[in-house]
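J.: next come a sequence and a model predicted from it.
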Amino acid sequence: MNYFETIREITKSMSDTIVDFSIPRKRTSAPTQASSNFITNKEQGDWAELLIFRAINETFEGLVAVRYGKSDDLIAGEPGFDTFYNEFQDELDTIGKRPDLLVFKEKDFRKELGYDVSKLEHSTIEDYVKLAVAGLEIRSSAFLIDKYEAFMNERTQTNLKRAFELKTKIIAEYSDILEHPKRKNYLDVLNGINKDTIYVAEYRSPSWRSTPRLEELTKLFKELKAAIKMIQKRDYLSITPKVEDLKVVYKWIEKFNVPHFYFQVFFDKVYGVAFKEILTLITDSEKEGDYYEISKDTKNQNKTTIKINTRKTHQIAYKVDEPKHKSVRREMGRGRLLFYVSFDEGTAYLDVDSIKKLLNINE
């Protein structure tokens, strides 16, 4: 069974409530106007792609990274953007979504085509693309993951400590009130809260105010509920493939039979996961919540996004030197000005063994 056949078998086990591969994708219309935030995010993504491109070519002997993903400096609102966008939509329907980078064994790298084939007519490079050992989709995130993890761990531990203090206080000082038949269910809730169940504990806060003690008890239950809510919040950063992209990545794999991977670039480390792993995870409902979650992404037009817990993926760069950055002025039609941040330089220090394991490269 080749790579695409393996992917196809996995999709047969996937719930169509997540994605139905039998239904053609919906073609999207071109956005009419770009924002400064959008361009900054695009600049950050372009920087992340170049970061990994340079790191692979400077670190690995015997492997070559080549830029491949369809991209352009045009943005919504500029002349020619609609044509570019519609051509991109046509390509998604014919060959699927190109990964940003292709990785070749050095013996298969065609020097005459160079390190960037993104603007070549695709019909001239189809056979070449099929020789790649991996396609890499590069995502970026505006976080320092180590600091994020430290903050979230401290937040969780603080709220766990406070929650159990509140539980103990309520039981010790207000059991006489909670023994009343109409309130005993709250005592049952408290007794059921432990280090394992607190992550799923839920109750409706009471609103007792008829006596000073009942009013104080109400405040304690509300404080406990707030602490539990903080404990239950998602506390990990993620690799974030959009559900709508699964179909177009699948289509590209169907055509080229090249293993596909997602790399998430943070400003201090880089993590990766195989497309095959993503599909396998979302066919396993038992792993939802711990390994991944599926939710609407308010920062990305409310598109449904799979958020893969980075703790369950592969760390492929143990350090990243932050880029230089500068403000850029861009003049649009009608004299509209956009100011955004541009990124340059930076270095990713790759974990060679981890990448070889992820990409299944043994030489």
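T.: Everything's here; your move.
J.: quick one, helices of the stretch 101-250 of the chain?
T.: 126-129, 145-178, 184-192, 212-232, 243-256 (DSSP state H, counting those that start in this stretch).
J.: show the backbone phi and psi for T347.
T.: phi -140, psi 140 (degrees, to the nearest 10).
J.: grab the nearest non-local neighbour of it.
T.: Distances taken as CB to CB, 6 or more residues apart in numbering place D321 nearest to T347, at 4.3 Å, with adjacent residues excluded. For every residue, glycine as well, the C-beta is placed using N, CA and C.
J.: ok, the one you found touching G346?
T.: Yes. Assessed by CB atoms under 8 Å, D321 is found in contact with G346 at 5.2 Å.
J.: okay, which residue is most central for the protein?
T.: Geometric centre of the chain, nearest residue: T240, 1.8 Å, by CA atoms, centre = their mean.
J.: residue contacts, it?
T.: Taking CB atoms under 8 Å, 6 or more residues apart in numbering, we find T240 in contact with R139, Q264, D297, T305, I306, K307, I308.
J.: relative to E202, how far out is it?
T.: The gap separating T240 from E202 is 27 Å, by CB to CB, to the nearest Å.
J.: average pLDDT for stretch 208-217?
T.: For stretch 208-217, mean pLDDT rounds to 94.
J.: if you count neighbours, what's buried in that stretch?
T.: Within stretch 208-217, the residues that count as buried by 16 or more other CB atoms under 10 Å are W208, L214, L217.
J.: what do you get for stretch 188-208?
T.: V189, L190, I193, I198, A201, Y203, W208.
J.: sorry, back to before: wait, which of the buried residues of stretch 208-217 is closest to T59?
T.: Set against T59, the nearest of the buried residues of stretch 208-217 by CB to CB is L217 (60.9 Å).
J.: let me know the pLDDT of N300.
T.: You'll see N300 listed with a pLDDT of 60.
J.: make 18 the starting number, not 1.
T.: With 18 as the first residue, the last one maps to N317.
J.: out of the contacts of T257, which end up buried?
T.: Buried among those (16+ other CB under 10 Å): R156, Q281, T322, I323, K324, I325.
J.: re the thing from before, overlap of the contact sets of D338 and G363?
T.: With CB under 8 Å, 6+ apart as the test, D338 and G363 reach no residue in common.
J.: these two: which is more packed in?
T.: Remark: of D338 and G363, G363 carries more neighbours, 19 against 12, as counted by other CB atoms under 10 Å.
J.: got the contact list for R156?
T.: R156 touches G62, A65, I256, T257, Y279, F280, Q281, V282, counting by CB under 8 Å, 6+ apart.
J.: likewise for K239?
T.: Listed by CB under 8 Å, 6+ apart, the contact set of K239 reads S222.
J.: what's the separation between it and R71?
T.: K239 is 52 Å from R71, by CB to CB.
J.: if we can go back for a sec, per-residue confidence at the residue nearest to T364?
T.: At D338, pLDDT is 96.
J.: poorly predicted segments of the stretch 18-167 of the chain, please.
T.: For the stretch 18-167 of the chain, no stretch is flagged by pLDDT under 70.
J.: redo the buried ones among the contacts of T257 as JSON lines? Include secondary structure.
T.: Shown next, in JSON lines, are the buried ones among the contacts of T257 (DSSP: H, G, I helix; E, B strand; the rest coil):
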{"residue": "R156", "secondary structure": "strand"}
{"residue": "Q281", "secondary structure": "strand"}
{"residue": "T322", "secondary structure": "strand"}
{"residue": "I323", "secondary structure": "strand"}
{"residue": "K324", "secondary structure": "strand"}
{"residue": "I325", "secondary structure": "strand"}
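J.: among those, which one sits closest to S192?
T.: Once CB to CB is applied, the member of the buried ones among the contacts of T257 that ends up nearest S192 is K324, at 41.2 Å.
J.: who does the closest one bridge with?
T.: E310 (DSSP bridges).
J.: hmm, it is touching K313, no?
T.: No. Using CB under 8 Å, K324 is not in contact with K313; the gap is 10.9 Å.
J.: any idea how far T45 is from Y102?
T.: T45 is 9 Å from Y102, by CB to CB.
J.: those two: which has the busier surroundings?
T.: In this view T45 and Y102 are compared by other CB under 10 Å, and Y102 has more residues nearby, 17 against 12.
J.: just checking, that one touches A47?
T.: Yes. The criterion here is CB under 8 Å, and Y102 meets it with A47 at 4.0 Å.
J.: return every residue with contacts to both of those two.
T.: A93.
J.: show the backbone phi and psi for the residue nearest to N19 when sequence neighbours are not counted.
T.: Computed as CB to CB, 6+ apart, the closest residue to N19 that is not its neighbour in sequence is N274, at 5.7 Å. The phi/psi pair for N274 (degrees, to the nearest 10) reads phi 60, psi 40.
J.: model confidence for N274, exactly?
T.: Confidence score, pLDDT, at N274: 97.
J.: show me what contacts it?
T.: Contacts of N274 by CB under 8 Å, 6+ apart are N19, Y20, F21, K147.
J.: state the distance from it to K147.
T.: N274 is 7 Å from K147, by CB to CB.
J.: same question for A243.
T.: Where K147 is concerned, A243 sits at a distance of 55 Å (CB to CB).
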